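Student: below are the sequence and a predicted model; questions follow.
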Amino acid sequence: MSVTVFIQGRNGVTRWQPGKRWLLLPMLLIAAGAGLYQYNQQRFESQQTSVDNERQAREQQQRQVKQLKTATENQLSMLVTHVAKMQAKLTRLEALGQQLAQNYQLDDQFDFSADVGVGGPSEYGSSIELDQLLNDMERLALGIDNSNTQLGLLETVASNLNIEQERYISGRPVGKGWLSSPYGLRNDPFNGHRAMHKGIDFAGAEGADVLATGAGVVTWAGNMFGYGNLVEIDHGNGLRTRYGHNKALSVAVGDVVAKGEKVASLGSTGRSTGPHVHYEVLRNGQQIDPKQFVYRHAG
């Protein structure tokens, strides 16, 4: 292949035909340019891919940060709500405990309004709202634990006081009735001889309620010679009470009865001349005059 080149000169057009070796340089230049273009194109595409990857990574990180922030805010909101509920419960607990302590006149021993005594060295890091919230929750938890402990002790004391008050023997064994025979020597109603009457008789309407004069455990519920249908109650501390001549019994041996609870119906069984209840108080197995218990104020 030959190439003819025409060159315009001062003396006219000159014809020049180069050899084949002069065609090699332009082809090399074209090839080099194409290779350089391809290399630059690949490098650009690689850089563009890297930029896209970095952008996607940043967007993913932004989404994760946003999700973490939302989750943290939700958790903080839940913690705040939880603290508020704990505070409300603690307030009610303190009010209830204080009222109970006042009712039982124990407010000088149980102070529910005072802060819980805690202490000890601590090292604090950076102060943030979450740390403060956790500290508040810990303080409230300690307050609730302290109030629960005091309420448990108060309940024990109150129960003991209530038991002592219930066991305290006082009052009459009938709601309606009258004293028909006192404790002591009297003329026996059957033979007229002087005899010791070891209780107090309360007459009333047949079938009327016979009431326990103190809380205790029933140790006898049945017929006993001379007493007819008898109920005996052990009140502890060596004290027992007896209720005789009943028409019917309302309790059985082993029953726990409360003060003022019905234990029988008034009657005239056994050695009796009419409807009444024979009431006895025994201390360490010996009958004593019930009058001191009948007329004393309830404990």
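Tutor: Now that the structure is in, tell me what you want to look at.
Student: residues contacting the residue lying closest to Phe225 once chain neighbours are set aside?
Tutor: Leaving aside its chain neighbours, Phe225 sits nearest to Gly270 (7.7 Å; criterion: CB to CB, 6 or more residues apart in numbering). Backbone N, C-alpha and C define where each C-beta goes, glycine included. Shown in contact with Gly270 (CB atoms under 8 Å, 6 or more residues apart in numbering): Asn223, Met224, Phe225, Gly226, Tyr227, Gly228, Asn229, Leu230, Gly244, His245.
Student: what does Pro182 give?
Tutor: His197, Ile200, Lys291.
Student: how about it, phi and psi?
Tutor: Backbone geometry at Pro182, expressed as degrees, to the nearest 10, gives phi -80, psi 180.
Student: how close does it sit to Lys85?
Tutor: Taking CB to CB, to the nearest Å as the measure, Pro182 falls 64 Å from Lys85.
Student: Ile233 now?
Tutor: Computed with CB to CB, the distance linking Ile233 and Lys85 is 48 Å.
Student: how long is stretch 197-210 from one end to the other?
Tutor: Length of stretch 197-210, first residue to last, CA to CA, to the nearest Å: 20 Å.
Student: touching it from outside, list them.
Tutor: Residues outside stretch 197-210 that contact it (CB under 8 Å, 6+ apart): 172-186, 231, 242-244, 246-247, 262-268, 274-281, 287, 290-291, 294.
Student: circling back: which of Ile233 and Lys85 has more neighbours?
Tutor: The neighbour comparison of Ile233 against Lys85 (other CB atoms under 10 Å) goes to Ile233, with 26 against 11.
Student: strand partners (parallel or antiparallel) of the host helix or strand of that one?
Tutor: In this assignment (DSSP states H and E), Ile233 forms part of strand 228-236. Using DSSP bridges, strand 228-236 pairs in its sheet with strand 216-224 (antiparallel), strand 239-246 (antiparallel).
Student: I'd like those written out as JSON lines, with mean pLDDT and mean neighbour count added.
Tutor: Shown next, in JSON lines, are the strands paired with strand 228-236 (pLDDT from 0 to 100; neighbours: other CB atoms under 10 Å):
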{"stretch": "strand 216-224", "mean pLDDT": "93", "mean neighbour count": "17"}
{"stretch": "strand 239-246", "mean pLDDT": "95", "mean neighbour count": "24"}
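Student: could you export these as CSV, including distance to Glu138?
Tutor: Below are these laid out as CSV (distance: least, CB to CB, whole Å):
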stretch, distance to Glu138
strand 216-224, 47
strand 239-246, 51
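Student: of all the ones you listed, which one comes closest to Gly192?
Tutor: Of all those, it is strand 239-246 that lies closest to Gly192, at 20.1 Å by CB to CB.
Student: what residues are up against Glu264?
Tutor: One correction, residue 264 is Ala, not Glu. Contacts were defined as CB under 8 Å, 6+ apart; by that measure Ala264 touches Val210, Asn229, Val231, Tyr243, Asn246, Lys247, Ala248, Leu249, Ser250, Val251, Val277.
Student: excluding chain neighbours, what is closest to the fourth one?
Tutor: Yep, that's Tyr243 we're talking about. Using CB to CB, 6+ apart and skipping the chain neighbours, the partner closest in space to Tyr243 is Val231 (4.6 Å).
Student: for the one you found, what are its contacts?
Tutor: Val210, Val218, Trp220, Ala221, Arg242, Tyr243, Asn246, Leu249, Val251, Val263, Ala264 are the contacts of Val231 under CB under 8 Å, 6+ apart.
Student: ok, His82 next?
Tutor: Contact analysis of His82 by CB under 8 Å, 6+ apart lists Met137.
Student: please apply the same query to Gly244.
Tutor: Gly199, Met224, Gly226, Tyr227, Gly228, Asn229, Leu230, Gly270, Val277, His278, Tyr279, Glu280.
Student: quick check: the last one touching Gln287?
Tutor: I take that to be Glu280. Yes: in this structure Glu280 lies within contact range of Gln287 using CB atoms under 8 Å: 5.4 Å.
Student: higher neighbour count, the two?
Tutor: Neighbours were tallied for Glu280 and for Gln287 using other CB under 10 Å; the higher tally belongs to Glu280 (22 against 16).
Student: per-residue pLDDT, the more buried one?
Tutor: pLDDT for Glu280: 96.
Student: which is the next helix or strand following the helix or strand containing it?
Tutor: For Glu280, the element it lies in under DSSP H and E is strand 276-283. Moving toward the C-terminus from strand 276-283, the next helix or strand (DSSP H and E) is strand 286-288.
Student: for Ser77, grab the count of nearby residues.
Tutor: Residues lying near Ser77 (other CB under 10 Å) number 10.
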